[in-house]
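Enquirer: sequence-free structure coming up:
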């Protein structure tokens, strides 16, 4: 079983791609690259049992409706009577769930720079869907939306300060913690890539989260949110420590 993780940036040079193989009770890191183009990402997801992608899969439904109304010059002039009227436009249902569960607030795909990789993913997903892949956005499709930092917090590992050159020490702590928590994870010589590049580490984390989704050890969307999640996407938070999917 091949599990793929993608730390998707707006540009290939900062995009991490990891391939993990579940075999005989182990998760073996088969490859980690930093600098993955659309073709490499698409091919990896197509070949995988499941892929974890660190990028928003959609935009807040009220935000999209707001844009449609604005384009038609049909906005409700009384909208701003509510002092919190912008909140549902900025945050998806899954963003609010992550904040409630972990205390962490994901970047807003409606108002932050995370929109740039989200635009890239939207086109990638359209191409993969056209090729016949099921890319349902609620975590049940070939690709599931993940948030590595939130998973690290759930697992009790350092979840901040591990980006960039100054974050190497934190990355070392994360890798050491993962190795102790998940002794079935075989780095296979790719530990150094993850220590050198946070994009590589996030790709491995994304794959590890996807493995938990395959194992059914994640929080699915609540029934009342399924219609909205099908449009906006759902961040799959792991439940409990990592396991090897059967």
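Expert: That came in fine, so what should we check first? Please read all numbers here as calculations on a predicted model, not as lab measurements. Numbers count the residues shown, from 1 in each chain.
Enquirer: Determine how far stretch 183-194 lies from the middle of the whole chain.
Expert: Using C-alpha atoms, centre = their mean, to the nearest Å, the distance from the centre of stretch 183-194 to the centre of the chain it belongs to is 20 Å.
Enquirer: just stretch 74-85 next, same as before
Expert: 32 Å.
Enquirer: end-to-end on that stretch?
Expert: In stretch 74-85, first residue to last residue: 16 Å (C-alpha to C-alpha, to the nearest Å).
Enquirer: what's the answer for stretch 217-235, then?
Expert: With C-alpha to C-alpha as the measure, the ends of stretch 217-235 fall 13 Å from one another.
Enquirer: Now residue 226: which helix or strand?
Expert: Using DSSP states H and E, the element containing residue 226 is helix 226-232.
Enquirer: neighbouring contacts of that helix?
Expert: Here helix 226-232 makes contact (C-beta atoms under 8 Å, 6 or more residues apart in numbering) with 57-61, 64, 92-94, 136-138, 221. C-beta: built from backbone N, CA, C; applies to glycine.
Enquirer: Quick check: ChimeraX command selecting the buried ones in those.
Expert: Buried members of those can be picked out in ChimeraX with the line below, counting by 16 or more other C-beta atoms under 10 Å:
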select :57,58,59,60,61,92,93,94,136,137,138,221
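Enquirer: Please dump the contacts of helix 226-232 into JSON lines; it should also carry secondary structure for every row.
Expert: Listed next are those as JSON lines, based on DSSP: H, G, I helix; E, B strand; the rest coil:
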{"residue": "57", "secondary structure": "coil"}
{"residue": "58", "secondary structure": "coil"}
{"residue": "59", "secondary structure": "coil"}
{"residue": "60", "secondary structure": "coil"}
{"residue": "61", "secondary structure": "helix"}
{"residue": "64", "secondary structure": "helix"}
{"residue": "92", "secondary structure": "coil"}
{"residue": "93", "secondary structure": "helix"}
{"residue": "94", "secondary structure": "helix"}
{"residue": "136", "secondary structure": "coil"}
{"residue": "137", "secondary structure": "coil"}
{"residue": "138", "secondary structure": "coil"}
{"residue": "221", "secondary structure": "coil"}
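Enquirer: quick one: which of the contacts of helix 226-232 is nearest to residue 85?
Expert: Comparing these against residue 85 with C-beta to C-beta picks out residue 60 as the nearest, at 12.8 Å.
Enquirer: Now for residue 224, how many residues are close by?
Expert: Other residues near residue 224 number 9, with proximity taken as other C-beta atoms under 10 Å.
Enquirer: Give me the secondary structure label for it.
Expert: When the structure is reduced to helix, strand and coil (three-state DSSP), residue 224 reads as helix.
Enquirer: what sits up against the helix or strand harbouring residue 33?
Expert: Using DSSP H and E, the secondary-structure element containing residue 33 is strand 26-34. Taking C-beta under 8 Å, 6+ apart as the criterion, the residues outside strand 26-34 that touch it are 2-3, 13-22, 40, 182, 184-188, 190, 193-194, 197, 199-200, 203-204, 208, 211, 244.
Enquirer: Buried only: go through those residues for me.
Expert: A residue is treated as buried here by neighbour count (16+ other C-beta under 10 Å); on that basis the buried members of these are 2-3, 14-22, 182, 185-187, 190, 193-194, 197, 199-200, 203-204, 208, 211, 244.
Enquirer: Now do the helices in the protein.
Expert: Assignment of helices within the chain using DSSP state H yields the ranges 38-47, 61-71, 87-90, 93-102, 115-130, 148-154, 168-181, 191-196, 198-214, 226-232.
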